[in-house]
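**Q** Predicted model and sequence follow; I will ask about them next.
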Amino acid sequence: MTLPTPELHTSRLRLRPFAGADADHLVALHTSAEVMRYWDSPRWTDPSRAERFLAVCERLAEEGSGARVAIDRVEDGAFVGWCALMEWNPDFRSASLGYCLDRSAWGHGYATEAAHALLGWAFDTLDLNRVQAETDTRNIGSARVLEKLGFVREGTLREDCIVDGDVSDSWVFGLLRRDWRPPVPAS
């Protein structure tokens, strides 16, 4: 079953399918030590990783197991990061949320805005009942984004990741359909 990658719009952002031209943006994002500080894998050292990332985006859509979207700022068309819905399970009506934004985009509410748009699509189009997300316990900014979206911290995965010898714990967050707050229509 295929799952067409959506194109979504908010007042400040455009979420769209990835294109080959995004490879350089992805390399810049994933080679940043600051951006990848709390990630569950090391920062990229090989630029060919971008091509593999883009291939996975296509495979997710073809297999129907998820969707990764690029995030562009409407004001100037700048690439600011990506957001993803992965591990979609139509039988369980569940999926996992992830996002990665450029350092210059932090603190502007873009992660919350982009994830909110993708969650709206997920609950409405995919009829999800549950979305899960995980974040490094040291990544307070990401935890705050999830809480703003209505996610509830459900537990801690102790020593969940070891990246470059650094052992870290992860928090597990969950958002249920009954707790989802869709956007309020403009009046």
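**A** Structure received.

**Q** Could you give the number of residues near the closest residue to Arg103 other than its chain neighbours?
**A** Among residues not flanking Arg103 along the chain, Glu34 sits closest, at 5.3 Å (Cβ to Cβ, 6 or more residues apart in numbering). (Each C-beta comes from the backbone N, C-alpha and C, glycine too.) Here the neighbour count serves as a burial measure; for Glu34 (other Cβ atoms under 10 Å) it reads 10.

**Q** how near is Glu34 to Ala19?
**A** From Glu34 across to Ala19, the span is 26 Å (Cβ to Cβ, to the nearest Å).

**Q** for Pro90, same thing?
**A** If you measure Pro90 against Ala19 using Cβ to Cβ, the figure is 27 Å.

**Q** How about Tyr99?
**A** For Tyr99, the distance to Ala19 (Cβ to Cβ) stands at 19 Å.

**Q** ditto for Gly107
**A** Taking Cβ to Cβ as the measure, Gly107 and Ala19 are separated by 27 Å.

**Q** And Asp102, its phi and psi?
**A** Taking degrees, to the nearest 10, you get phi -60, psi 150 for the backbone angles of Asp102.

**Q** Was I right to think it contacts Trp82?
**A** No. Under the criterion of Cβ atoms under 8 Å, Asp102 is not in contact with Trp82, lying 9.9 Å apart.

**Q** what's the overlap in contacts for these two?
**A** Contact with both Asp102 and Trp82 is made by residues Leu29, according to Cβ atoms under 8 Å, 6 or more residues apart in numbering.
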